[in-house]
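1. coords please:
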Amino acid sequence: MGLLQFYINAISNRKRASNRIIWKEFSEDAPPPHFYYRCITNALHRFYGSRHRLPQPHKRRRYLMSANEKLGNGPTERIAMSRHAALVATGILFSRIAGLVRDRVFAHYFGSSDAADAFRAAFRIPNFLQNMFGEGVLSASFIPVYANLLARGEEDEADRVASAVFCLLSLVVSCLVLAGVLATPILIDAIAPGFKGAKRELTICLVRILFPGAGFLALSAWCLGILNSHRRFFISYTAPVAWNLVIIASLIAYGGQWEQFPLTKAAAWGSVIGSAVQFGVQLPHVTRLVGRFSASVGLGMKSVQTVIHNFMPVFISRGVVQISAYVDALLASLLPTGALAALVYAQTLYTLPVSLFGMSVSAAELPAFSSALGEADEVSAYLRSRLNVALRQIAFLVIPSAMAFLTLGDVIAGAIYQTGQFTRRDTVYVWAILAGSAIGLLATTLGRLYASMYYSLKDTRTPLRYAVLRVFLTAVLGYIFALPLPTLLGLDPRWGVVGLTTSAGICGWLELVLLRDSLKGRIGKTGLPASFIFKLWVAAGAGAAAGWGGKLIMNLSHPIPLAVVSLGLYGVVYFAIATAFQVPEARGLIQKVAGFGRLH
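-> Next up is the predicted model:
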């Protein structure tokens, strides 16, 4: 009877089974056929203890790696990869659409005015706190440890680690928020020395309002780490929609009544409230996944120590990247009025493909990379195969994005921003900045995926070294390209901001090459075939020519219809040429769309 009871408990209690690596990959589908066998053998282990050896450990390890190989190369796992990346991309898309609507509303009320410059500069300071302790850093240090514990079936340990990380994060972020509010005037002098008088005072006020909201956003990153490790991607990436909606509501509610300076304060308070809402919508889902929460920092736990050990290099790396962003802001603040705001407008568009196609794949792959178990050669083969597939997925969508920014950037910027105070002149200005960003777009997105691979191998120091080198070179080239070079070329100084994005793109390619070549010694040769890249660039070039033709022939004055025609032609031609070149990603996407149409 005792053995029968163990059989029943094992099958009914799926959550506590030790086969996490398999079950998690199929969590949204019916369990695979071998699931029940794994549950029963796990129950036998618990029932008989050390008296019997069922099943033999070496066979179990071999079985897990065999499953990994199937997951990496078989159609089932390719579907799972696509589904997970699609969930992340969909969530990011909703969030980015809300963000673009927010920026369009913001541009309508502020344009490229002093108030816009003040708000953009103010938002960078608390945003620094969010980025330092937020999604990128916490994901790189926390997810590899937490997801690996889940894969091994050590759920109680995973719950204790999750609790300890939350307590540590809350303590540190609270102290930094308080310190940031008190030290705001010093921070403003450091990052925006070109701001004077009322513009500087407004920036100080806005920073003090925004800081607590950054604390909530950092805690939201903890929720994202938990949800991603459990393959619950959608809610974590759609939560920022709530933050954007609150800011939009604040602007619309007071935009017709208040002047620009007081309206920026309303937007700042909306940001704080929205940050709390973003954290709140994720929390119920997280509490259902973290079974036992304990209010302890857990510094004595080995797993927590590993998270902290991995955290510091990523923290420093993110800090270096943030320093680069602040150097850009500092240099832009020395350029004529509107340069900083235009840079932020362009960066919002530039980060859209980075997030949709680079971050989505990288975020979906990090837990899978971290969950790989088996012998060293088998793990390397699995990781190499999975990485190469993910690289192709990213390149297929990022290369046309870069070409669109380069050739049709005015169409994109006009459709999003050209309204109210934001004129055609501002649209062309943002286009030029976008064209500079296009140079390094592919390198940036592929570099994110390579960095995720290093993080899954619990190596956070190698990406740090290359990030420091990239940021140093970007700062040097950025200064040269932004300030003395326009004067030497006889250009208006306002065009110096284009040099900032151009220099960043050049240095991004150097970082990508270093990351790829260093990884070769760990898991073998990875990368994209030259023929594949060539086909995509040719297809993107043909699409750009079609988009330009539609733009000239239609001669539409309103930016939104113009974007629909021009970008529509661009996309159709790109996919047609890529399909003609027999690019598997193009054919697969068309088949998915056709299948979806048949279902409806």
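
2. ranges for the helices of the stretch 151-300 of the chain?
-> Per DSSP state H, counting those that start in this stretch, the stretch 151-300 of the chain has helices spanning 155-182, 184-191, 197-229, 233-238, 240-255, 260-289. These are given in chain order.

3. rebuild those helices as TSV, extending it with distance to Ala544 and mean pLDDT.
-> (C-beta placed from N, C-alpha, C; glycine too.) Conversion of the helices of the stretch 151-300 of the chain to TSV gives the following (distance: least, CB to CB, whole Å; pLDDT from 0 to 100):
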stretch	distance to Ala544	mean pLDDT
helix 155-182	44	87
helix 184-191	37	78
helix 197-229	35	85
helix 233-238	30	82
helix 240-255	30	89
helix 260-289	36	88
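
4. for those helices, which one sits closest to Arg104?
-> Ranking those by proximity to Arg104 (CB to CB) places helix 240-255 first, at 9.3 Å.

5. just the buried positions in the closest one, please.
-> Using 16 or more other CB atoms under 10 Å as the test for burial, helix 240-255 gives 240-248, 250-251, 254-255.

6. need the helices of the stretch 151-300 of the chain in TSV (columns: distance to Leu536).
-> Below are those laid out as TSV (distance: least, CB to CB, whole Å):
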stretch	distance to Leu536
helix 155-182	40
helix 184-191	38
helix 197-229	29
helix 233-238	26
helix 240-255	30
helix 260-289	35
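
7. and the ones you listed: which comes nearest Gly496?
-> Gly496 lies closest, by CB to CB, to one member of these: helix 184-191, at 17.9 Å.

8. let's see that closest one as PDB, backbone CA atoms only.
-> As requested, C-alpha coordinates have been extracted for helix 184-191 and formatted as PDB (Å, rounded to 0.1, in the frame of the first residue of the first chain):
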ATOM      1  CA  THR A 184      20.400  65.400  -6.600                       C
ATOM      2  CA  PRO A 185      22.000  68.900  -7.100                       C
ATOM      3  CA  ILE A 186      25.400  67.300  -7.300                       C
ATOM      4  CA  LEU A 187      24.200  64.700  -9.800                       C
ATOM      5  CA  ILE A 188      22.700  67.400 -12.000                       C
ATOM      6  CA  ASP A 189      26.000  69.300 -12.100                       C
ATOM      7  CA  ALA A 190      27.700  66.100 -13.100                       C
ATOM      8  CA  ILE A 191      25.500  64.900 -16.000                       C
END
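
9. same for it, what does it pack against?
-> When contacts are defined as 3 or more CB pairs under 8 Å, 6 or more residues apart in numbering; DSSP states H and E, helix 184-191 packs onto helix 114-133, helix 197-229, helix 302-333.

10. show me how far that helix is from its chain's centre.
-> Relative to the centre of its chain, helix 184-191 is centred 28 Å away, using CA atoms, centre = their mean, to the nearest Å.

11. show me what it is in contact with.
-> Helix 184-191 has contacts (CB atoms under 8 Å, 6 or more residues apart in numbering) with 121, 124-125, 180, 195, 200, 203-204, 207-208, 211, 326, 329-330, 333.

12. so for stretch 424-439, mean pLDDT?
-> Across stretch 424-439, pLDDT averages out at 92.

13. where does this structure dip in pLDDT?
-> Within the chain, the stretches falling below the threshold (pLDDT under 70) are 1-83, 112, 126, 131-136, 191, 590-600.

14. thinking again about what came up before, so of the helices and strands packed on helix 184-191, which one's packed in deepest?
-> Per-residue neighbour counts averaged over each of the helices and strands packed on helix 184-191 give the maximum for helix 114-133, namely a mean of 24 (mean count of other CB atoms under 10 Å).
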